[in-house]
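Colleague: missing the sequence, but the structure's below:
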């Protein structure tokens, strides 16, 4: 039996995490950066999984901005085989950046739901544009990023084995890649490598391994998590990403979870986070009090089981934005 306080047996009221703050939900139905169709339906799947209700229950005022307008792939040729559908991905990311910047200017919390991981180029560029206005130098603004993903996503058109842009966003955000992506908002890197942390890596090609080592970003593989345990790794990741940075952004690829937990994704790889590990990681992020923007990507309803992965995703978003067990 739980012990009762000697001072008072009355339950203390706990303010809801959102406390009336506005969260702007932006859907990005983009699957042009991926090798498989379906993630364009991710935003709808997450809404159907009662995303709005989950946010309202923890005290947020939900403002759904709808979806960014994206041209369907069947009407446009892929173009350069080393950067497929760049002519669609680039303007979509530029529009995402404008929406995220506007949300931050209005004091809202931007919540971006995708869509493939190429949309992070737009989301993080939007944050960087906002922060750059008050930055004291011309380099990357004081922005920390924690990137939960099974994959490195640091290829360029010159190194990619597939030509799929969802394998390139990290490189683009560090200033390497097509100018139409690296130049969104302002030219060059949007994040300093020292403030960029990847967590959950387990499926990396040989070229990416070399690029990750040279990049200067901080990486934690599933082996690191097994050896050191998740709380220690996530605590360290938060410390790295928030040192000298007033804005923490989390980019969460659902494939960081084991496919037994989240089967509805196109690049599933066995050996990922358990359900509780994923929630623990995002609960720790929420407790840091530093999170200012969030995105969840790569939910593919075509590959899912009765919208199970979207429901898991909604729960994870709620944990990141402050939902507590007790």
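Modeller: Received the coordinates, thanks. Since we're looking at a predicted model, the values are computed, not measured.

Colleague: how far away is the residue lying closest to residue 30 once chain neighbours are set aside from residue 165?
Modeller: Among residues not flanking residue 30 along the chain, residue 115 sits closest, at 4.4 Å (Cβ to Cβ, 6 or more residues apart in numbering). Quick note: C-beta positions are derived from backbone N, CA and C, even for glycine. Plainly put, residue 115 is 12 Å away from residue 165 if you go by Cβ to Cβ, to the nearest Å.

Colleague: which parts of the lengthiest helix in the chain are buried?
Modeller: The longest helix of the chain (DSSP state H) is helix 86-105. If you call a residue buried by 16 or more other Cβ atoms under 10 Å, then helix 86-105 has these buried ones: 86-104.

Colleague: quick one: average pLDDT of it?
Modeller: For helix 86-105, mean pLDDT rounds to 97.

Colleague: surely residue 172 meets residue 181?
Modeller: Yes. With contact defined as Cβ atoms under 8 Å, residue 172 counts as touching residue 181 (4.5 Å).

Colleague: more neighbours: which of these two?
Modeller: residue 172 (28 against 24; other Cβ atoms under 10 Å).

Colleague: show me the contacts for the spatially most central residue of the chain.
Modeller: With distances taken as Cα atoms, centre = their mean, residue 251 lies nearest the centre of the chain, 1.7 Å away. Residue 251 makes contact with 117, 120, 123-124, 145-149, 295, 297, according to Cβ atoms under 8 Å, 6 or more residues apart in numbering.

Colleague: so it lies in a strand, does it not?
Modeller: Yes. Per DSSP: H, G, I helix; E, B strand; the rest coil, residue 251 lies within a strand segment.

Colleague: beta partners of it?
Modeller: Bridge pairing for residue 251 (DSSP bridges) gives the partners residue 147, residue 295.

Colleague: for it, give its distance to residue 61.
Modeller: In terms of Cβ to Cβ, residue 251 sits 24 Å off from residue 61.

Colleague: and if you look at residue 169?
Modeller: Counting by Cβ to Cβ, the gap from residue 169 to residue 61 is 30 Å.

Colleague: ditto for residue 300
Modeller: 30 Å.

Colleague: neighbours of residue 287, how many?
Modeller: Other residues close to residue 287 by other Cβ under 10 Å number 12.
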